[in-house]
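Student: Any chance you can model this:
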Amino acid sequence: MGMIPLAELLPDEDFRLHLTLRRGRPEDFFRPLDPTGAVRRERARWLAEDPDRYARVLPAGEALIREFAEQWPAAKAAWPEPAAEPKLRADLWRLGTGCEADLLFLAPDAAGDFRLAAGVLCFPTGWALEEKIGETIDFIHAPVPGLNAALGSPIRSFLGKMRPGLAFLRDNWGIAATEELNLHPARQLPAPARPVGLDRLWLRVEHQMLAALPSGAGIVFAIRIANYRLDDVVRGGGGPGLKRALATMPADLAAYKRLESVRAELLYLL
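Tutor: Now for the predicted structure:
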């Protein structure tokens, strides 16, 4: 699905916020990677437990989710049709459990600003779909220190120029104290804490895909989560790049990522 090696994800260079994109194909990104079905079962568990927390759709998103299901059946065609969950609309249940990736749908408003119009987000990285639905990209990114200042304009320009037929891939990473996939803030899972151990922390990577829907009416933003234990990252050659990125990360961004209290000890171990 176009995921890059850890050494490329963590180059030996200073940290910076950047919009680095690679071309890819939606069918490759959505190809099932978990032959056991455990990822889909966990998605079904969260959707059944609290559907309003993990799935939302506004009127502007109705046509987008229909078009996605019709145009890219490969997102779920490789799996048996799941049984319907009575507390959640059948179409959202199918999107959420028929695909291993989280799906967010962006639609332009009257002013041309893209807003989050629908989504099934079972494995969030510290943010809540129910708080962001209907909001602009700038609003969604506002809590991330420096992101809108550095990338707000390029992101808006890129989204406005996207055309059907191409998919774009990128990756984002952080460090987590758990290999849990669902880091919804309501779960209050612990942040990395001292004493630090490389065998007790994980590099949490969001493998992301953006693609314009064939009609041009909106964009699908898909996310897959992958966790790599930090001692495995070091053995895989990612240690120098991770150490340099952490050493040069701005303090406010390190605090946002819940790393400030462990950064010095982590740098020593790396």
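Student: longest helix of this structure?
Tutor: Secondary structure assigned by DSSP state H gives helix 147-161 as the longest helix of the chain.
Student: what does it rub up against?
Tutor: When contacts are taken as C-beta atoms under 8 Å, 6 or more residues apart in numbering, the neighbours of helix 147-161 outside the stretch itself are 17-19, 21, 106, 108, 112-114, 137-138, 141-142, 210, 219. In this view, the C-beta of every residue, glycine as well, is placed from N, C-alpha and C.
Student: redo that, cut-off 10 Å
Tutor: Contacts of helix 147-161 from elsewhere in the structure, counted by C-beta atoms under 10 Å, 6 or more residues apart in numbering, are 16-19, 21, 106, 108, 112-114, 136-142, 144, 168, 210, 212, 219, 221, 253, 256.
Student: Just to be sure, which of those are found in strands?
Tutor: Among those, the members falling in strands are 106, 108, 114, 168, 210, 212, 219, 221 (criterion: DSSP state E).
Student: top of those residues by neighbour count?
Tutor: Leu106 (26 neighbours; other C-beta atoms under 10 Å).
Student: So what sits opposite that one in the bridge?
Tutor: Leu116, Ile219 (DSSP bridges).
Student: Hmm, it is touching Leu116, no?
Tutor: Yes: with contact defined as C-beta atoms under 10 Å, Leu106 reaches Leu116; the gap is 6.2 Å.
Student: what residues do those two have in common as contacts?
Tutor: Here Leu106 and Leu116 share the contacting residues 60-61, 136-137, 140, 221, scored by C-beta under 10 Å, 6+ apart.
Student: Nearest to Cys122 among those?
Tutor: Proximity to Cys122 was ranked across these by C-beta to C-beta; first place goes to Phe221, at 14.5 Å.
Student: Give me the distance between the closest residue to that closest one other than its chain neighbours and Pro214.
Tutor: Closest residue to Phe221 in three dimensions, ignoring its sequence neighbours and counting by C-beta to C-beta, 6 or more residues apart in numbering: Leu104, at 4.4 Å. In this structure, Leu104 lies at 18 Å from Pro214, with C-beta to C-beta, to the nearest Å as the measure.
Student: Between those two, which has more neighbouring residues?
Tutor: For the pair Leu104 and Pro214, the greater number of neighbours falls to Leu104 (24 against 13), based on other C-beta under 10 Å.
Student: shouldn't that one be in contact with Leu129?
Tutor: Yes: with contact defined as C-beta under 10 Å, Leu104 and Leu129 form a contacting pair (8.1 Å).
Student: What helix or strand is the spatially most central residue of the chain located in?
Tutor: Residue closest to the average C-alpha location in the chain (C-alpha atoms, centre = their mean): Ile223, at 3.8 Å. For Ile223, the host element (DSSP states H and E) is strand 219-229.
Student: Can you name every helix or strand that that strand contacts?
Tutor: helix 26-29, helix 59-71, strand 102-108, strand 114-120, strand 167-176, strand 202-212 (3 or more C-beta pairs under 10 Å, 6 or more residues apart in numbering; DSSP states H and E).
Student: mind redoing it with 7 Å?
Tutor: When contacts are defined as 3 or more C-beta pairs under 7 Å, 6 or more residues apart in numbering; DSSP states H and E, strand 219-229 sits against strand 102-108, strand 202-212.
Student: could you point out which element follows that strand?
Tutor: helix 230-235.
Student: what's that next one packed up against?
Tutor: Using 3+ C-beta pairs under 7 Å, 6+ apart, the elements in contact with helix 230-235 are strand 202-212.
Student: circling back to that earlier point, export the helices and strands packed on strand 219-229 to JSON lines and append columns for distance to Tyr54 and mean pLDDT.
Tutor: Output for those, formatted as JSON lines (distance: least, C-beta to C-beta, whole Å; pLDDT from 0 to 100):
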{"stretch": "strand 102-108", "distance to Tyr54": "9", "mean pLDDT": "97"}
{"stretch": "strand 202-212", "distance to Tyr54": "17", "mean pLDDT": "97"}
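Student: Name the nearest residue to Glu265, ignoring sequence neighbours.
Tutor: Using C-beta to C-beta, 6+ apart and skipping residues adjacent in sequence, the residue nearest Glu265 is Val196, 4.3 Å away.
Student: Just confirm the one you found contacts Leu269, I think it does.
Tutor: Yes: counting by C-beta atoms under 7 Å, Val196 does reach Leu269; the two are 6.1 Å apart.
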